[in-house]
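> Below are the sequence and a predicted model; questions follow.
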Protein chains: 2
Amino acid sequence: MTVDVPGGRPAALPTPGPGDPRLARLSLNQWTTRKWSVADAVAGCERAGIASIGLWREKVAQYGLEASARTVRAAGLRVSSLCRAFGFTAPDFDLDDARRAVDEAATLGTDCLVVVAGGIGSGSRDLAGARARLADRIGELEPHARAAGVRLALEPLHPMYCADRAVLSTLKQALDLAERWPVESVGVVVDTFHLWWDPEVFAQIARAGDRIAGYQVCDFLVPLPPDPLLGRGMMGDGVIDFRPLTAAVEAAGYRGDIEVEIFNADVWAADGDQVLATLIRRFVTEVR
Amino acid sequence: MTVDVPGGRPAALPTPGPGDPRLARLSLNQWTTRKWSVADAVAGCERAGIASIGLWREKVAQYGLEASARTVRAAGLRVSSLCRAFGFTAPDFDLDDARRAVDEAATLGTDCLVVVAGGIGSGSRDLAGARARLADRIGELEPHARAAGVRLALEPLHPMYCADRAVLSTLKQALDLAERWPVESVGVVVDTFHLWWDPEVFAQIARAGDRIAGYQVCDFLVPLPPDPLLGRGMMGDGVIDFRPLTAAVEAAGYRGDIEVEIFNADVWAADGDQVLATLIRRFVTEVR
């Protein structure tokens, strides 16, 4: 293949393959290859030489929890995270389901469960109340996570999603919340798409230190597509300057995997192996 | 009329009319009635009992600067602001045009010129560089503004516009910048749409004090429409709880006009007088 997808940029270099040391910390977040099952994604990683995968609960449920764990283990892949526990702000928050998410993370062999706060709730304007519920419920879930050896990785989402997806919008806010609990049980996710614009992002990454439980990369597209949820692009297709962010995360002490997580209709429509080849090249040219 | 536009909510109370003390500080930002010329908007304000108007340079240029100033003065309206000086981050920033904007504000009888930073520039990823250019150029423009008795009112825009419209995204960032110059010549705009999500917004409003040069209200719609620029709604149609924000702005010492500025295709398509009647009712029921 000589042409990237999507966007059609000529490939700047041959695709690094299995064993290339530059790929050692690259992880495929499986939502990037949304069409693929767990088994498809694991096989794709093996073909491409990607040693780590970020899993999603929906996909794991479809393939089966034990089967997913076995398949990943048999391939020798690390599991960089499990996405996600969600909806902590909802009046009917399901604590049992969140505990199951913790257990699933442990079964799958990852200590990182991504936590997405939830919005302010349909018909509500009580942002402060939603944030208070989020804090209370992290507190309710944390003992179970600690006992299971799983970290709750609080992910601040871009402020455009504050109302309907996450009342947690900045890294500062996520750290202010996380620091109520031990660093072993509550951390944060640094995601370039959500945080790149923040004038405080470098200072807060430095502050975060070993609270960083995950680092996710994808680009911010301009203009945004009609569905702003899908405004995430292949690295290099948008406006984010990744290397300074990667350097800051590493300077803060993070040595874990770097997940590529892209919500994008074109990427989802493309051939999965081609998407992996592109993201591998872009990882090398753009991210680290 | 018994039905609000847009959204179709029954009117909760009769429309307050001319002379109603609750409308004393209400200002129509004329982009809300985008179809209207300056003369149309002035006449609309007179019919509705609105004593203040926020003008836009494009509209003023169409109607003529002197004619606009005369028309507003003849109607006895205050001019709460002039929108806007733009594009401070552009490599080819037009300082002369920004100075003309200052002069136009003075001619129109307002001391508040809204400043929109501009984005990082097409093809660029140098966010820090764009922010540095913004600061440099405010510095270049400030002496002219000071001499003219016009304040440069720095408006932080929602982070979703960081790349293409404004690298100034939070009130904290705007204040950090504004404080390099005297409070008489550089202030900030508090706009509910842009700032409502910010966990720091109340603390920063309190900090802002007499830096607050303008207060603009409109709602944040969920979901956003396909063009995120038009996701602003009539107060009450979205997710923002206005009264605490209004109270914070007043507690900080702001006693100026409160502009209703709505970018919304439905509002723009509606009858102007009906829009004014609705925003007057919503101002009373939702904002203050």
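Great, that's in hand. Numbering: from 1, shown residues only, chains lettered A, B, ... in the order given.

> Please make it C-alpha for all contacts and neighbour counts, starting now.
Noted.

> mind checking which helix or strand A:S169 is in?
With elements delineated by DSSP states H and E, A:S169 resides in a region that no helix or strand encompasses.

> is the residue lying closest to A:A98 once chain neighbours are set aside in a bridge, and if so with what?
Of all residues not flanking A:A98 in the chain, A:A85 sits nearest, at 5.6 Å (C-alpha to C-alpha, 6 or more residues apart in numbering or on different chains). Beta-bridge partners recorded for A:A85 (DSSP bridges): A:V115.

> residue contacts, A:A85?
A:A98, A:A101, A:L113, A:V114, A:V115, A:V116 (C-alpha atoms under 8 Å, 6 or more residues apart in numbering or on different chains).

> Surely the first one is in a helix?
Yes - according to DSSP: H, G, I helix; E, B strand; the rest coil, A:A98 belongs to a helix.

> near chain B, which residues of the stretch 1-150 of chain A show up?
Counting by C-alpha under 8 Å from any C-alpha of the partner chain, the stretch 1-150 of chain A comes close to chain B at A:G123, A:S124, A:R125, A:D126.

> Now do the helix or strand hosting A:S80, average pLDDT.
A:S80 is part of strand A:78-86 when elements are defined by DSSP H and E. For strand A:78-86, mean pLDDT rounds to 98.

> now that strand, how far from the centre of its chain.
Centroid displacement of strand A:78-86 relative to its chain, using C-alpha atoms, centre = their mean, to the nearest Å, is 7 Å.

> Could you do stretch A:83-96 as well?
Averaged over its C-alpha atoms, stretch A:83-96 has a centre that lies 18 Å from its chain's centre (C-alpha atoms, centre = their mean).

> what about that stretch, start to end distance?
End-to-end span of stretch A:83-96 (C-alpha to C-alpha, to the nearest Å): 16 Å.

> what comes up buried for it?
Residues of stretch A:83-96 classed as buried by neighbour count (16 or more other C-alpha atoms under 10 Å in any protein chain shown): A:C83, A:R84, A:A85, A:F86, A:G87, A:F88, A:T89, A:A90, A:F93, A:L95.

> what's the answer for stretch A:49-58, then?
So stretch A:49-58, judged by 16+ other C-alpha under 10 Å, has buried residues A:G49, A:I50, A:A51, A:S52, A:I53, A:G54, A:L55, A:W56, A:R57.

> Contacts for it, please.
Stretch A:49-58 is contacted from outside by A:17-20, A:23-31, A:38, A:42, A:45, A:76-84, A:101, A:257, A:259, using C-alpha under 8 Å, 6+ apart.

> Tell me which residue in the stretch 101-250 of chain A sits closest to chain B.
A:P226 (4.0 Å; C-alpha to the nearest C-alpha).

> What count of nearby residues applies to the nearest residue to that residue once chain neighbours are set aside?
The spatially closest residue to A:P226, leaving aside those adjacent along the chain, is B:P226, at 4.0 Å (C-alpha to C-alpha, 6+ apart). Each residue near B:P226 was counted by other C-alpha atoms under 10 Å in any protein chain shown, and the total is 13.

> now A:A128
12.

> Does it lie in a helix or a strand, and which?
Using DSSP H and E, A:A128 falls in helix A:127-148.

> helices and strands around that helix, which ones?
For helix A:127-148, the packing partners by 3 or more C-alpha pairs under 8 Å, 6 or more residues apart in numbering or on different chains; DSSP states H and E come out as helix A:95-108, strand A:151-154.

> one step back: just the buried members of the residues of the stretch 1-150 of chain A next to chain B?
A:R125.

> Make CSV out of the residues of the stretch 1-150 of chain A next to chain B and add pLDDT.
Converted to CSV, the residues of the stretch 1-150 of chain A next to chain B look like this (pLDDT from 0 to 100):
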residue, pLDDT
A:G123, 89
A:S124, 95
A:R125, 97
A:D126, 98
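
> Which two among the residues of the stretch 1-150 of chain A next to chain B are spaced furthest apart?
Largest separation among the residues of the stretch 1-150 of chain A next to chain B by C-alpha to C-alpha: A:G123 and A:D126, giving 9.3 Å.

> Return the member of the buried residues of stretch A:83-96 nearest to A:I280.
Among the buried residues of stretch A:83-96, A:C83 lies closest to A:I280 (C-alpha to C-alpha), at 21.5 Å.

> Touching, that closest one and A:D111? I think so.
No - counting by C-alpha atoms under 8 Å, A:D111 is not a contact partner of A:C83; they are 11.6 Å apart.

> re the thing from before, would you turn the residues of the stretch 1-150 of chain A next to chain B into a markdown table with secondary structure?
Formatted as a markdown table, the residues of the stretch 1-150 of chain A next to chain B follow (three-state DSSP):
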| residue | secondary structure |
| --- | --- |
| A:G123 | coil |
| A:S124 | coil |
| A:R125 | coil |
| A:D126 | coil |
